[in-house]
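Peer 1: Predicted model and sequence follow; I will ask about them next.
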Amino acid sequence: MTDLTKTPVTVITGFLGAGKTTLIRHLMTNPQGKRLAVLVNEFGTVGVDGDILKSCADENCPAENILELSNGCICCTVADDFIPTLEKLMAMPQKPDHILIETSGLALPKPLLKAFDWPAIRSRITVDGVIALADAEAVAAGRFAPNEAAVQAQREADDSLDHETPLSEVFEDQIACADIVLLSKADLAGEAGLAAARTVIEAEAPRKLPILPLTDGVIDPRVILGLGAAAEDDLDARPSHHDGADDHEHDDFDSVVIDLPDIADPADLVTRIQRLAREQNILRVKGHVAVAGKPMRLLVQAVGGRIRHQYDRPWGDQPRLSRLVVIAEHDDIDPAAIHAVLIG
């Protein structure tokens, strides 16, 4: 790569828990001879995703090439955080061959694409492509509507009705901006679920898009890297609910950080998180937890009532600090109630 060649950037977007971090981990272990850099935008103050990726750092993507932006949505902090961070990556002694950007699950991608037109970076960086991940099982189940059965009945009765929610706007904007859509957790969705999810996405997409199944983040990197989309020059083909607006707000969502003591039984924690999803409409829970008598930390990732947990690495010299980030729509965040359920 010469100084006259723009460094390609792949924007990886998708709803909460769709599998963005898992995909990036796979790309990091299969870099196709490229030196990678990763920029992670977290929603909330605890960088769980960045920490997971740093644990996978190697010579192709060293730890110093993995940067986090946790001061707000990446597309709302362009001047203060995003542009300076990209410039920092480009100024490294060994400039990355390819940059991966993991957006927050709540990010609208189009304002981010507009940032690549800034003079400070336009001549040096191009958006190689936008990859949208969609949880196939969730999409097939219509989970982006508060009451999918009632909304569907009303839509069938009157095509003019509009029952969009903030969650569905995020989903639709991410699909509209994408060059490729990956249906994650394909193994859980099954063939019928994949077909149903594909139908939903095809109906939302403003143009024909490749839609591919994905399990555990595994895909040939050649399929999603090197697209040459120059998405920053193709904005008109990527419509958004927020076109014409000067900015967008994330007041519909909020997060709270809960510190826990060591737990005795991971199964009990799973039950408590499922209760949160059921009773308080919690969208996402993620973090690390110390289990009494266990030298390894427990990584917890929850999307609604579906929870995955595994011991990812020893605590080592790190403090045994149990901390979970809980994300929900703004009106559903009750820190005291969340604390009561998780800790009792």
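Peer 2: Structure's in. What do you need? Keep in mind that this is a model prediction, so the values were computed, not measured.

Peer 1: rest of the way, CA atoms for contacts and neighbours
Peer 2: Will do.

Peer 1: wait, residue 179 sits on residue 207?
Peer 2: No: between residue 179 and residue 207 there is no contact under C-alpha atoms under 8 Å: 9.6 Å.

Peer 1: Can you list the low-confidence ranges for the stretch 1-150 of the chain?
Peer 2: Along the stretch 1-150 of the chain, the parts satisfying pLDDT under 70 run over 1-4, 42-65, 70-81, 119-120, 144-150.

Peer 1: do the same with the stretch 201-344 of the chain
Peer 2: 242-253, 330-332.

Peer 1: buried sites along stretch 175-189?
Peer 2: Buried residues in stretch 175-189, counted by 16 or more other C-alpha atoms under 10 Å: 175-186, 189.

Peer 1: Okay, now it: how far is its last residue from its first?
Peer 2: 19 Å (C-alpha to C-alpha, to the nearest Å).

Peer 1: Can you give me the buried ones in the helix or strand that contains residue 275?
Peer 2: Using DSSP states H and E, residue 275 maps to helix 266-280. Buried positions in helix 266-280, judged by neighbour count with 16+ other C-alpha under 10 Å: 266, 269, 270, 272, 273, 274, 275, 276, 277, 280.

Peer 1: pretty sure the fourth one contacts residue 339?
Peer 2: No: Residue 272 is not in contact with residue 339 according to C-alpha under 8 Å; the separation is 10.4 Å.

Peer 1: Helices of the stretch 201-344 of the chain, residue ranges please.
Peer 2: Secondary structure of the stretch 201-344 of the chain, counting by DSSP state H, counting those that start in this stretch: helices at 221-224, 266-280, 335-343.

Peer 1: mind listing what the longest strand seen in the chain pairs with, with the direction of each?
Peer 2: Longest strand in the chain, counting residues (DSSP state E): strand 125-135. Using DSSP bridges, strand 125-135 pairs in its sheet with strand 7-14 (parallel), strand 180-184 (parallel).

Peer 1: and that strand, how far from the chain's centre?
Peer 2: 11 Å (C-alpha atoms, centre = their mean, to the nearest Å).

Peer 1: Likewise for stretch 20-32?
Peer 2: Counting by C-alpha atoms, centre = their mean, stretch 20-32 comes out at 14 Å from the chain centroid.

Peer 1: do the same with stretch 115-125
Peer 2: Counting by C-alpha atoms, centre = their mean, stretch 115-125 comes out at 23 Å from the chain centroid.

Peer 1: CA atoms of that stretch as CSV?
Peer 2: Extracted in CSV, the C-alpha atoms of stretch 115-125 (Å, rounded to 0.1, in the frame of the first residue of the first chain):
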residue,chain,number,x,y,z
ALA,A,115,-18.0,12.1,8.4
PHE,A,116,-15.7,10.4,5.9
ASP,A,117,-16.2,13.5,3.7
TRP,A,118,-14.3,15.6,6.2
PRO,A,119,-11.2,17.2,4.6
ALA,A,120,-8.9,15.9,7.3
ILE,A,121,-9.5,12.3,6.2
ARG,A,122,-11.2,12.3,2.9
SER,A,123,-8.0,12.1,0.9
ARG,A,124,-6.6,9.3,3.0
ILE,A,125,-9.5,7.0,3.9
